[in-house]
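*Asks:* how would this look folded up:
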Amino acid sequence: WQGLALSGIFSWIVITCYFDVTKKIRSLLQPWVSHHVVSGTYIILKIQKHQHKFLDALFSGLSCIVSVPFYTAFLPLLFWSGHGKLARQMTLLMALCDYLGNCIKDVVSAPRPNCPPVRRITATKDEEENALEYGLPSSHTLNTVCLSGFLVCYVLSYTQSEDAFVKLGAVTLACLLVGFIGFGRIYLGMHSLIDIIGGLVFGFMILAIWLSVHEYVDAFIVSGQNVTSFWAALSFLLLFAYPTPEFPTPSFEYHTAFDGVVFGIECIFDELLPLKLSSNIECIQMKNIGMKKHEIGIRENLDAWLSFKRRKLTVSGAD
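*Replies:* Below is the predicted model of the structure:
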């Protein structure tokens, strides 16, 4: 199946290049999306009439939840805390969201809200770089849907909680986070309403697909064959499968960096797993040897005690 998957991606690259699929899709979608971006400007202006320094700081801070600094801090913490499976799956999911979201952005090449009249707030350098990308879909909304949705599903499954209030509370918190992130992107002037809707739709689609396949993907990484070579070929092909935007943006660089992170994790895990298994086997063997020695020692002590009692009984009987 690995060869079939790689052949399918290679065939897709050839077909899209030969028939210029990206430009044809863009010619159909870009005018429609651009119209909704322009017509939705008044919604942004109405929201920004209630601007306040506190809201600026709040929504700018929330935007950091699915930014590069967040990934840099959050994903390693999962590994270091011993949640290797969750860390692997979260890294793969975020890489998938980043790749597909940026692909859609560069295929459609839809503009962000015009500034002015919209006031665009970029509190960090990361936000300034994000503003150079195209608009649809909102990466922050898409990533938050997938991140919070998968995290809730994983935690509820891990804890095996049957309490309806716990489940309702977890889902409510996830929905509130997604809602605040989406509203904040509009308030900051980074996205229009159509971008947020696009992020929600594509986010739920990716999340639904991932929830149905993540166990198979993780099983392949843990116990599959040719994991490193397959991932190297896949990463290489995905670079060429990435669509060419109307004008250059940082999106391709973001995807390439995340792709490298995933490839590095898979390589390290593939190399260290045999060593970890062999060390575990050695520990088990040493424990078994220790237990056998302990059993032999107990048996020898018991035999010596029984012999002593027999001799004592024999002597007392003779007396």
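
*Asks:* so how far is residue 90 from residue 150?
*Replies:* Per C-beta to C-beta, to the nearest Å, residue 150 is found 7 Å from residue 90. In short, each C-beta sits where N, CA and C put it, glycine included.

*Asks:* Correction: the previous question concerned residue 152.
*Replies:* On the measure of C-beta to C-beta, residue 152 and residue 90 end up 12 Å apart.

*Asks:* Which one of the two is surrounded by more residues?
*Replies:* residue 90 (22 against 18; other C-beta atoms under 10 Å).

*Asks:* show me the contacts for that one.
*Replies:* 75, 78, 147, 150-151 (C-beta atoms under 8 Å, 6 or more residues apart in numbering).

*Asks:* hmm, 7 Å instead?
*Replies:* 75, 78 (C-beta atoms under 7 Å, 6 or more residues apart in numbering).

*Asks:* Quick check: buried residues in the helix or strand it falls within?
*Replies:* Per DSSP states H and E, residue 90 falls inside helix 84-108. For helix 84-108, the neighbour count (16 or more other C-beta atoms under 10 Å) marks 85-108 as buried.

*Asks:* Okay, buried residues for stretch 210-228 please.
*Replies:* In stretch 210-228, counting by 16+ other C-beta under 10 Å, buried: 210, 214, 217-218, 220-221, 227.

*Asks:* Now, the residues you listed that are in helices?
*Replies:* 210, 214, 217-218, 220-221, 227 (DSSP state H).

*Asks:* Save those residues as CSV, and put in pLDDT and distance to residue 139 too.
*Replies:* CSV is the format used below for these (pLDDT from 0 to 100; distance: C-beta to C-beta, whole Å):
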residue, pLDDT, distance to residue 139
210, 94, 16
214, 89, 21
217, 86, 22
218, 84, 24
220, 83, 27
221, 81, 25
227, 81, 28
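
*Asks:* just how off-centre is stretch 50-60 within its chain?
*Replies:* 28 Å (C-alpha atoms, centre = their mean, to the nearest Å).

*Asks:* Now do it, average pLDDT.
*Replies:* Averaged over stretch 50-60, pLDDT sits at 88.

*Asks:* In that stretch, which residues are buried?
*Replies:* Here stretch 50-60 shows 55-56, 59-60 as buried, counting by 16+ other C-beta under 10 Å.

*Asks:* which residues are in contact with stretch 157-170?
*Replies:* Outside stretch 157-170, the residues touching it (C-beta under 7 Å, 6+ apart) are 152, 155-156.

*Asks:* how about 6 Å then?
*Replies:* residue 152 (C-beta atoms under 6 Å, 6 or more residues apart in numbering).

*Asks:* How about stretch 103-116?
*Replies:* Here stretch 103-116 has contacts from 22, 25-26, 29-30, 33-34, 37, 41, 44, 133-137, 189, 192, 243, 245-246, 251, using C-beta under 6 Å, 6+ apart.

*Asks:* same question, stretch 171-186
*Replies:* Residues contacting stretch 171-186 (C-beta under 6 Å, 6+ apart): 44, 47, 59, 62, 138, 140-141, 144-145, 148, 152, 191, 196.

*Asks:* one more time with 7 Å
*Replies:* 44, 47, 59, 62-63, 65, 138, 140-141, 144-145, 148-149, 152, 191, 193, 196.

*Asks:* Of those, which belong to helices?
*Replies:* 44, 47, 59, 62-63, 140-141, 144-145, 148-149, 152, 193, 196.

*Asks:* Select, from the residues you listed, the two members most distant in space.
*Replies:* Farthest-apart pair in the ones in helices among the contacts of stretch 171-186 is 44 and 152; separation 29.8 Å (C-beta to C-beta).
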